[in-house]
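**Student:** Just to be clear, the model below is a prediction. Sequence and coordinates:
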There are 2 protein chains.
Amino acid sequence: MISLAELQRRIDSGELSADAAITQSIETIDTDDKTIGAFVCRTENPRSQSAGPLRGIAVGIKDIIETSDLPTAMGSKIYRGFRPRADAPVVAMLKQAGATIAGKTTTTAFASVDPTPTLNPCHHGHTPGGSSSGSAAAVAAGMIPLALGTQTGGSVIRPASFCGVAAIKPSFRLLPTVGVKCFSWTLDTVGLFAAGVEDLAQGLSAMTGRAELTLGAAIETPRIGVVTQDFAGAPEEAGAEALRIATRAAERAGATVRALSLPDIVGEAWRIHPCLQDFEAHRALAWEYRTHHADLPPLLRGRLDESVGIVPADYDAARSTANRARKALAKIFDAVDVLLTFSAPGAAPKGLASTGDPRFNRLWTLMGVPCVNIPAYVADGGLPVGVQVIARFGDDAGALKAARFVEGALARH
Amino acid sequence: MISLAELQRRIDSGELSADAAITQSIETIDTDDKTIGAFVCRTENPRSQSAGPLRGIAVGIKDIIETSDLPTAMGSKIYRGFRPRADAPVVAMLKQAGATIAGKTTTTAFASVDPTPTLNPCHHGHTPGGSSSGSAAAVAAGMIPLALGTQTGGSVIRPASFCGVAAIKPSFRLLPTVGVKCFSWTLDTVGLFAAGVEDLAQGLSAMTGRAELTLGAAIETPRIGVVTQDFAGAPEEAGAEALRIATRAAERAGATVRALSLPDIVGEAWRIHPCLQDFEAHRALAWEYRTHHADLPPLLRGRLDESVGIVPADYDAARSTANRARKALAKIFDAVDVLLTFSAPGAAPKGLASTGDPRFNRLWTLMGVPCVNIPAYVADGGLPVGVQVIARFGDDAGALKAARFVEGALARH
């Protein structure tokens, strides 16, 4: 993989030109994307910018995020050839920070669950996960140092886990979702994929202009609460092993680690996530559902057909549950700095029929809290399995610092 | 003006066909819009639908709201000829409820403050207000019974006051802002214009499928708190007179009315509204600002140039102030059902150079609470002046019922 922070250091020192860094990415895409299929379209003759913290950084943009100079097809034939007028704010933020957009990466249709043809770079017979399939795969394959995805259930953290890359789903609305095809306006969150935690911190800090998101020299030892999300069922053995390994590594590195159970209302919030998501999806995708029903991909169409009966009272009750759960969860963070839990039930499923299960992710999307995936374990067949570090709403800096601590502990393990 | 509820009754009883109702609107637009200039583009041969509570209802859509079958130009040459692929959810909701889209109505560029050429139907020498200029004017001129607008500062309630129509800015996110050009994701709110409060209730209920938003037979007598928003400065004489008249009418009709002063933190929230709005606008309009600076209209460009230095820490502090103010305001509603206050400083300003001042509106947009404008007074020159009824967040039904009470009291006055 290409480390964004390492590229920045080499460019800053003059060892590497921004042009050469971009060229390197383009050549790797030219070679490797024939097999992986992470990109749906590419910028013609991409050029490096001369200034900005992300000069020389080639970025992949999930194809539900609007771009002024590339089509945005939402992973669906309904949007074939669609040309937005403007760049989504997150794309404009990248360009303003000096980045170069390499192209648009594959997405399941409307960021739902119908798979893309993208292969998992760690094992071509397995899914890279979804819905941000192309972004996770392009970073994992070493084509680009940074990519944008989005998460409504588990679409950033899960593919990162399956592909063995770092990723952050920041606090809700730290990055604007303007110009990002909406599935659920309460849940949709833009996230970043990169080689490691420092790379994520450099990318997010450059995009937002928030210096506090860079890691700094000293990483404090975090108080960690380990949660197993029993309401979501048991993990597979590989998922459990990843959490055991990360827990042990953090303990050995000096962290205070203890098992935590979450209040009942938080489990209740996990249960109502689909109600809230699908009620909003019926409104967000009302035009597509009403006028292009037959052109919707089968899994999404089935999901919408099944959830057509959710009424406003169900939705209002779900929102109220979510609000109560957010308050209860905030209290948990008085006793620990971060939570550590599964990024996915296990390694990437075999084949491309499913993008995997978001059951260990969806609660945290609904809570709006920052989540960082770190690869923790490699299962049979070379398939990576991650864990996620989760901090209090708004404490993205804390999530990144604690994730860096765990990443470092795992490296020394 | 055309009453939506009255049209519904006539269509339901068979006295009027849905087709004839649409034709009537189209003919009025054909005749009167040459002078008023409320529409930027029109549906070719609009047809009525055969079913749905809004069949026979011709609706105008503010031209920052995306439509699949009409261009969406955002009031700016930067978007000339832009064709979105989909209908915004609020447009899809209208169509699903049986409505017919008559056309797109004028908007100040990006729903900011640079005026449109639309005239105020009550006095052609005055502004109809903005940014939802065309929607307010088209309803006021009796062209259509329903129109959609949006409010970030005061862009629904203020033009409604200036044009003498009823309008509701619902609770934040009761109507999705998906597919609506974003200025500020924390503030932008879709609202409705109609002849009277019952018409608003029928329209909003049909769009959302929320039966509780219809008025029902019995309107309870509300407890009203009158607030003068002293932090926003003094109103003009016409604004003060409108509030005096509405207060007296409500009292005579039996309401409990008392003057209320708002907690200091609420005034503080009023002060930070521009910081929050402009920080988000710089991100929402980053592409336009970066690549089409010279094509931005002068007032918006000036506003963005002046606010370019707002840093994340200012924004974070503003969000924290807004959150504390929302909690303090919620407590106020333990003692009263609704608040009654100015919809605008006074009558519509003369000329078309300014769309008027949102200083009595912006607090309530930031608080996310439902606001309903009711015409209360006619100043010199036949210029209407409204007042707004404001309820607790989420109590849109209560806001509409209390507004209907005040509207009825004013009619008997």
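**Tutor:** On my side now, so go ahead.

**Student:** mind checking how far the residue of chain A positioned farthest from its centre is from chain B?
**Tutor:** In chain A, A:G14 marks the outermost C-alpha relative to the chain mean, sitting 31.7 Å out by C-alpha atoms, centre = their mean. To chain B, A:G14 is 28 Å away according to C-beta to the nearest C-beta, to the nearest Å. To be clear about C-beta, it is placed using only N, CA and C from the backbone, and glycine gets the same treatment.

**Student:** And A:H124, by the same measure?
**Tutor:** 34 Å.

**Student:** SS state for that residue?
**Tutor:** Here A:H124 takes the coil state, with states given by DSSP: H, G, I helix; E, B strand; the rest coil.

**Student:** Spell out for me which residue occupies the centre of chain A.
**Tutor:** A:V156 (2.0 Å).

**Student:** For the spatially closest residue to that residue that is not a sequence neighbour, give me the backbone phi and psi.
**Tutor:** Counting by C-beta to C-beta, 6 or more residues apart in numbering or on different chains, A:G191 is the residue found nearest to A:V156 once chain neighbours are left out, at 3.5 Å. In terms of degrees, to the nearest 10, the main-chain angles of A:G191 are phi -130, psi 170.

**Student:** can you list the domain ranges for chain A.
**Tutor:** Per automatic domain parsing, the structural domains of chain A span A:4-213, A:223-265+A:320-412.

**Student:** In this structure A:S3 contacts A:A195, no?
**Tutor:** Yes - A:S3 lies in contact with A:A195 (C-beta atoms under 8 Å); the separation is 4.7 Å.

**Student:** Any idea how many residues pack against the residue in the stretch 301-413 of chain A that chain B sits nearest to?
**Tutor:** Nearest residue of the stretch 301-413 of chain A to chain B: A:P312, at 5.1 Å (C-beta to the nearest C-beta). Counted with other C-beta atoms under 10 Å in any protein chain shown, the neighbours of A:P312 add up to 15.

**Student:** My read is that it contacts B:T208, right?
**Tutor:** Yes - counting by C-beta under 8 Å, A:P312 touches B:T208, with 6.7 Å between them.

**Student:** In terms of pLDDT, where does the residue nearest to A:V156 sit?
**Tutor:** pLDDT for A:G191: 98.

**Student:** for the domains of chain A, which one sits closest to B:A99?
**Tutor:** Proximity to B:A99 (C-beta to C-beta) singles out domain A:4-213 among the domains of chain A, at 21.8 Å.

**Student:** which is the next helix or strand following the host helix or strand of A:I265?
**Tutor:** Assigned by DSSP states H and E, A:I265 belongs to helix A:264-284. Of the helices and strands lying after helix A:264-284 in sequence (DSSP H and E), the nearest is helix A:286-291.

**Student:** now for that next one, which elements pack on it?
**Tutor:** helix B:89-96 (3 or more C-beta pairs under 8 Å, 6 or more residues apart in numbering or on different chains; DSSP states H and E).

**Student:** taking the mean pLDDT, what do you get for the helix it packs on?
**Tutor:** Rounded mean pLDDT across helix B:89-96 is 98.

**Student:** what sits against A:T186?
**Tutor:** A:L276, A:Q277, A:E280, A:R319, A:A322, A:L366 (C-beta atoms under 8 Å, 6 or more residues apart in numbering or on different chains).

**Student:** most neighbours, which of these?
**Tutor:** A:L366 (27 neighbours).

**Student:** what's the pLDDT at that residue?
**Tutor:** Looking at A:L366, the pLDDT reads 98.

**Student:** Give the buried residues for the helix or strand that contains it.
**Tutor:** Per DSSP H and E: A:L366 is located in helix A:362-367. Within helix A:362-367, the residues that count as buried by 16 or more other C-beta atoms under 10 Å in any protein chain shown are A:R362, A:L363, A:W364, A:T365, A:L366, A:M367.

**Student:** residues in contact with that helix?
**Tutor:** A:151-154, A:157, A:169, A:186-187, A:189, A:229, A:232, A:266, A:269-270, A:273-274, A:276-277, A:322, A:325-326, A:329, A:371, A:388, A:390, A:393.

**Student:** Narrow the residues you listed to those in strands?
**Tutor:** A:Q151, A:K169, A:T189, A:C371, A:Q388, A:I390 (DSSP state E).

**Student:** Which member of the residues you listed is positioned nearest B:F405?
**Tutor:** A:T189 (41.8 Å).

**Student:** Show me the beta-bridge partners of that closest one.
**Tutor:** Following DSSP bridges, A:T189 is listed with bridge partners A:Q151.

**Student:** again, but for the one 4 residues further on
**Tutor:** Each beta-bridge partner of A:F193 is listed here, defined by DSSP bridges: A:A147, A:A167.

**Student:** show me the contacts for it.
**Tutor:** A:132, A:135-136, A:139, A:146-149, A:156, A:159-160, A:165-167.

**Student:** again, 6 Å this time
**Tutor:** For A:F193, the contact set (C-beta atoms under 6 Å, 6 or more residues apart in numbering or on different chains) comprises A:S135, A:A136, A:V139, A:A147, A:A160, A:V165, A:A167.

**Student:** What sits closest to the second one if chain neighbours are left out?
**Tutor:** In space, and not counting its chain neighbours, A:A136 is closest to A:P159: 3.6 Å by C-beta to C-beta, 6+ apart.

**Student:** For the stretch 1-150 of chain A, what lies in contact range of chain B?
**Tutor:** Within the stretch 1-150 of chain A, the positions near chain B by C-beta under 6 Å from any C-beta of the partner chain are A:Y79, A:F82, A:R85, A:A86, A:D87, A:P89, A:A92.

**Student:** The third one contacts B:G81, correct?
**Tutor:** This points to A:R85. No - applying C-beta atoms under 6 Å, one finds A:R85 not in contact with B:G81, separated by 9.4 Å.

**Student:** Which of the two has more residues huddled nearby?
**Tutor:** Higher neighbour count among A:R85 and B:G81: A:R85, with 21 against 9, using other C-beta under 10 Å.

**Student:** Regarding the closest residue to the more buried one other than its chain neighbours, what is its secondary structure?
**Tutor:** Spatial nearest neighbour of A:R85, chain neighbours left out: B:F82 (4.9 Å); criterion: C-beta to C-beta, 6+ apart. Of the three states, B:F82 takes coil under three-state DSSP.
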